[in-house]
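Participant: structure for this input, please:
(one chain, ligands or ions: 1)
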Amino acid sequence: MSKQITVSAPGKLMLLGEHAVVYGRPCIVTAVGQRMRATIELADEPVFQLNTPDVQVVDYKKPMSELGIGDIPKGAKFVEIAIKNFSEKYPIQGGVKVTTSSEFSSQFGFGSSSASTVCIIKALSEATGATLDNKAIFNLSYKTVLDIQGKGSGFDVAAAAFGGTLYFIKGGQTIEPLQTDSLPLIVGYSGIKADTVTIVNQVLEKAKEHPEVIEGIYDNTGKLVEQAKQAVLSKDWQKFGELMNENQKLLEKLEVSINKLDNMILAARKAGAYGAKLSGAGGGDCIITLAPENRIQAVKDGITAAGGQIIDVKINAEGVKIEHDTK
Ligand code: PMV
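Facilitator: Numbering: from 1, shown residues only. So this is what the prediction gives:
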């Protein structure tokens, strides 16, 4: 008897604290309205089958006993290792058929890999009756991301699993929902694809050369995230914007910003934003900015004139959820 389950999980945007969060300081992340979707079906034959047309993986197949072994196409890695990790803890009888699709381009840096990992673990948990809670889904998904990338704080996995806006410490040591429904956020995409692991490694090299300086930058980042948490709670967007600008200065010291991002950020500030910064590892992807109601259009126009593309983003989105279940 086949059970088909469709699950979705949100992408994410880092609001403050990137890089420092890899080294134990807190960050603030929000889940975005754009979602990843995965449909899974348990099959009698012990074979893993995958279709993710968004990343050109079509009819990928291998025996369940060979999960994680041999060359794995880039677009299949997170799904395959997620199933492997799940089945090592909660044995799966037979095989698994998976189809994934995305509401957003993997180019934006919204965390499509982490969101699809979370979808797979959640779907398997339901299909097999293991019924993991969100923290257990986070743990297995974070292990999957680390198995593949070797690095990462897990903030993106937390956003996909829990949703909302979170105050987060590496590895899920703290995952604290922050009540906010009205963050007036504008997102501008640079058109440049950034590779997070490469940039995290560049910062690591820099930290080896100048450990005190970089640790100091991380400490200051951690302090401003604490202040930003208070600003979110009191909806003090002016203050939050100032802290975004401070955070951007620290990211510039880490040398992860690039001209295109700097130009978009300056344009947003000039047009009257409370503050603006890059979001994520840097080197490309997106900027985020907060603006008062009467400056929103001017800020969007400024970002567009600087070569950015405005992306419509709803923040505070719901975490992983079952869309459809024919169990
Ligand atoms: O590039 P993104 O959006 O995946 O963000 C990376 C954020 C880092 O702090 C640099 C890495 C991490 O895992 O926290």
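
Participant: the residue of the chain found nearest the ligand: what's it in contact with?
Facilitator: Nearest to the ligand in the chain, going by CB to the nearest ligand atom, is residue 280, at a distance of 2.6 Å. No exception for glycine: its C-beta is placed from N, CA and C like everyone else's. By CB atoms under 8 Å, 6 or more residues apart in numbering, the residues touching residue 280 are 13, 14, 18, 109, 194, 196, 286.

Participant: got the confidence number for the third one?
Facilitator: The predicted local distance difference test score for residue 18 is 98.

Participant: and it, helix, strand or coil?
Facilitator: Look at residue 18: counting by DSSP: H, G, I helix; E, B strand; the rest coil, its state is coil.

Participant: so who does it touch?
Facilitator: Listed by CB under 8 Å, 6+ apart, the contact set of residue 18 reads 27, 251, 278, 279, 280, 281, 282.

Participant: tell me the buried residues in stretch 221-232?
Facilitator: Neighbour counts using 16 or more other CB atoms under 10 Å place 221, 222, 224, 225, 227, 228, 229, 231, 232 of stretch 221-232 among the buried residues.

Participant: check stretch 242-260 too.
Facilitator: By neighbour count with 16+ other CB under 10 Å, stretch 242-260 contains the buried residues 242-248, 250-252, 254, 256-257, 260.

Participant: quick one: list the elements packing against the lengthiest helix in the chain.
Facilitator: The longest helix of the chain (DSSP state H) is helix 211-233. When contacts are defined as 3 or more CB pairs under 8 Å, 6 or more residues apart in numbering; DSSP states H and E, helix 211-233 packs onto strand 4-16, strand 27-43, strand 165-169, helix 196-209, helix 237-253.

Participant: and residue 20, how many neighbours?
Facilitator: By the measure other CB atoms under 10 Å, the count of residues near residue 20 is 29.

Participant: how about low-confidence regions in this structure?
Facilitator: 1-2, 327 (pLDDT under 70).

Participant: close to the ligand: what parts of it are there?
Facilitator: Residues of the chain found near the ligand (CB under 6 Å from any ligand atom) are 14, 18-19, 21-22, 109, 111, 152-153, 155-156, 196, 200, 280-281, 285.

Participant: apply 8 Å and report the result again.
Facilitator: With the criterion set to CB under 8 Å from any ligand atom, the chain comes near the ligand through 12-14, 17-22, 27, 109-111, 151-156, 170, 194, 196, 199-200, 203, 256, 279-282, 285.

Participant: returning to that earlier point: in CSV: the buried residues of stretch 242-260, plus distance to residue 294.
Facilitator: Formatted as CSV, those follow (distance: CB to CB, whole Å):
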residue, distance to residue 294
242, 19
243, 22
244, 19
245, 20
246, 24
247, 25
248, 23
250, 29
251, 28
252, 29
254, 34
256, 32
257, 28
260, 27
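
Participant: let me know the closest of those residues to residue 141.
Facilitator: residue 256 (25.2 Å; CB to CB).

Participant: what number of residues lie near the closest residue to the closest one other than its chain neighbours?
Facilitator: Of all residues not flanking residue 256 in the chain, residue 282 sits nearest, at 3.0 Å (CB to CB, 6 or more residues apart in numbering). Counted with other CB under 10 Å, residues neighbouring residue 282 total 26.

Participant: angles on the backbone of residue 282, please.
Facilitator: Taking degrees, to the nearest 10, you get phi 100, psi -170 for the backbone angles of residue 282.

Participant: same question, residue 138
Facilitator: Backbone torsions of residue 138, given as degrees, to the nearest 10, read phi -60, psi -50.

Participant: for the nearest residue to residue 89 once chain neighbours are set aside, give its distance to residue 163.
Facilitator: Leaving aside its sequence neighbours, residue 89 sits nearest to residue 140 (CB to CB, 6+ apart; 7.0 Å). Computed as CB to CB, to the nearest Å, the residue 140 to residue 163 distance reads 17 Å.
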